[in-house]
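J.: The following comprises the amino acid sequence and a computationally predicted model.
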Amino acid sequence: MAYVKVNNDNLIKAIRDFTRQVKSEGILREVHNRKEYMKPSLKKRWKREEAVRKRIREERRERKMVRN
C-alpha cells in the first residue's frame, strides 16, 4: 500500500513521491489487469508472453552495457 507523509506543507513533493511508489509497486498495472475477468488459459499465455518480452528487454540492456 502506497503511503506518503506530507512534511512542511510540501504537497508537490508528496504527490511526486506517491506517484513514484504507485509505479514501483505496480498498483496501476494490477488495477488494469483486474478490470475484466481473464480466463486461466489467457493468464498463462499473457504471463508467458510477458516473460519473453522481459527477457528480450534484459538482453538489450546487457548488450548496451557491453558496448559501453
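T.: Right, received. Where do you want to start? Residues are numbered from 1 along each chain as shown.

J.: Tell me the backbone dihedrals of residue 26, please.
T.: The phi and psi values for residue 26, taken as degrees, to the nearest 10, are phi 70, psi 30.

J.: Next, count neighbours for it.
T.: If you count neighbours by other CB atoms under 10 Å, residue 26 ends up with 11. Quick note: C-beta positions are derived from backbone N, CA and C, even for glycine.

J.: State the distance from it to residue 41.
T.: In this structure, residue 26 and residue 41 are 23 Å apart, going by CB to CB, to the nearest Å.

J.: how does this structure divide into domains?
T.: Domain ranges of the chain: 1-36, 38-68, per automatic domain parsing.

J.: Show me what counts as buried in the longest one.
T.: Within domain 1-36, the residues scored as buried using 16 or more other CB atoms under 10 Å are residue 17.

J.: Ends of that domain, what's the gap?
T.: 22 Å (CA to CA, to the nearest Å).

J.: Measure how far that domain is from the centre of its chain, please.
T.: 12 Å (CA atoms, centre = their mean, to the nearest Å).

J.: and what of stretch 32-48?
T.: Counting by CA atoms, centre = their mean, stretch 32-48 is centred 16 Å from the centre of its parent chain.

J.: So the residue nearest the centre of the chain versus residue 57, what's the distance?
T.: Geometric centre of the chain, nearest residue: residue 26, 4.0 Å, by CA atoms, centre = their mean. Computed as CB to CB, the residue 26 to residue 57 distance reads 16 Å.

J.: circling back to that earlier point, now render the domains of the chain as JSON lines, adding mean pLDDT.
T.: Below are the domains of the chain laid out as JSON lines (pLDDT from 0 to 100):
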{"stretch": "domain 1-36", "mean pLDDT": "90"}
{"stretch": "domain 38-68", "mean pLDDT": "92"}
